[in-house]
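Enquirer: give me coordinates for this.
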Amino acid sequence: MFTHRTPEPSADRTPSASAAPWYRRRTALACAGLVMAGSLALAAPLAAAASTGSAAATTVAASLPSSPGTGSSPYGSYGSHGSRYGGSSSTGGSTQTLASTADSSEATGVVIIETSLGYEDAQAAGTGMVLTADGLVLTNNHVVEGSTEISVTVAATGQTYTATVVGTDSTNDVALLQLQGASGLQTVTIDDDAEAVGDAVTAVGNAEGGGVLMAADGRITELDSTVTTSSDGLTAGETLDGMIEFAADVVSGDSGGALLDDEGEVVGMTTAASSGSVTTVAYAVPIEDALTIADQILEGTETDGVTIGYPAFLGVQVARVPAGYRYGGSATAGALIAGAIDGTPAAAAGLTAGDTITAIDGTAIADADALTAALGTSEPGATVTLTWIDASGASHSAAVTLVAGPAA
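Expert: Okay, here's the model as predicted:
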């Protein structure tokens, strides 16, 4: 579908300070094929990821950083990067070039993404790249994850579109969107050369969710790099392989943006970065890898990591506890519910905190992961029969029609 070169054999989600730092809080929401286990996006800055030029994996702290958002966080504000808009940096004497406003050529085909996370009472922002004139947009999965509404603004024209999710890949952090009613859009230009360590690059993105595209110049420091996040509370660590590592002033909101070579062609999609170090080390998904996933999504091919469209949604908050635990002391195998989201099928069915889902359509549910697996093949609009035990030990059963959930 998309023209791109074959991958070479060798080859931000990062919080930052701004005038009003943005955060969003995630809750555990059970979807068909998706349980978002109570991680705090932007809860803590990434640890410094030194650029050593070695092939060893880089490990960063907390979860992979998400796009900036508004919401609550018990951790307060973080100031590992200086605000770009004040003209100064608080990075402790870094000689790294600060980002500047992107020019028209750098901004071509790059869009600003804003999302609402309706079930979390939060907003977020990020970046994307236009692939087709009729509005297919490539971005990171974490930019749209959990969103219930997505708006996309073409930076060059100021035109704003409503976007829907064509599909997402949570494993490789890729998402494909479709702008509604779009036509005649300018697209990004895809690189047709092999990149090399030392090449000059520019990361273009919606820095700090400011609504203005910024361009951060730097150089590639490693190819085929691996970045790993350590676990943070209920959030499991993630590993991204085959990444382009580069040194540039990348901050939150740049996620999903274009990494350009010196010809202005896209070589990668900015995805993660270090924070709190003198020199920011950033990571991009090679564009050929991202486009391969986009092709798979367009073909409608689902895998363990790839979700086509929106997942079916039940709307329970899942408590991560030892197997068999139940409020009240006695043991019950199943998925313990911490709460039901207002306005969802779970709430309509009468599920509340302390209930334990024990079966779906007669199939026993051992834990929260089993609940996700049982719902994973369902589509929005499907009706399933839930069986659960409440905190007093009474058994209940109800037919529940699943709805379209937030982006996976």
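Enquirer: measure N172 to A133 for me?
Expert: 26 Å (CB to CB, to the nearest Å). Any C-beta I mention is one placed from the backbone N, CA and C, and that applies to glycine too.
Enquirer: if you count surrounding residues, which of those two has more?
Expert: It is N172, of N172 and A133, that has more neighbours when counted by other CB atoms under 10 Å, with 20 against 12.
Enquirer: pretty sure that one contacts A294?
Expert: No: under the criterion of CB atoms under 8 Å, N172 makes no contact with A294, lying 10.7 Å away.
Enquirer: where in the chain is pLDDT low?
Expert: 1-94, 229-237, 320-332 (pLDDT under 70).
Enquirer: swap the cut-off to 50 and go again
Expert: Applying pLDDT under 50 to the chain picks out residues 3-92, 230-236, 323, 329-330.
Enquirer: which strand of it spans the most residues?
Expert: Using DSSP state E, we find that the single longest strand of the chain is strand 214-229.
Enquirer: okay, now T171: neighbour count?
Expert: Neighbours around T171, by other CB under 10 Å: 15.
Enquirer: which SSE is the most centrally placed residue in the chain in?
Expert: The residue lying closest to the centre of the chain (CA atoms, centre = their mean) is H142, at 0.3 Å. Using DSSP states H and E, H142 sits in helix 141-144.
Enquirer: the helix or strand just after that helix pairs with which strands, parallel or anti?
Expert: The helix or strand immediately downstream of helix 141-144 is strand 149-154, counting by DSSP H and E. Sheet pairing of strand 149-154 (DSSP bridges) gives strand 110-117 (antiparallel), strand 160-169 (antiparallel).
Enquirer: would you mind finding the most buried of those strands?
Expert: Greatest average neighbour count among the strands paired with strand 149-154 goes to strand 110-117 (a mean of 26), per mean count of other CB atoms under 10 Å.
Enquirer: same for whichever helix or strand comes after that strand, what does it pack against?
Expert: Once the chain leaves strand 110-117, the next helix or strand it forms, by DSSP H and E, is strand 122-130. With contacts defined as 3 or more CB pairs under 8 Å, 6 or more residues apart in numbering; DSSP states H and E, the packing partners of strand 122-130 are strand 69-70, strand 110-117, strand 136-139, helix 141-144, strand 200-205, strand 266-273.
Enquirer: let me have the ones you listed in a markdown table, extended by distance to L260.
Expert: Below are the helices and strands packed on strand 122-130 laid out as a markdown table (distance: least, CB to CB, whole Å):
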| stretch | distance to L260 |
| --- | --- |
| strand 69-70 | 26 |
| strand 110-117 | 9 |
| strand 136-139 | 14 |
| helix 141-144 | 19 |
| strand 200-205 | 5 |
| strand 266-273 | 6 |
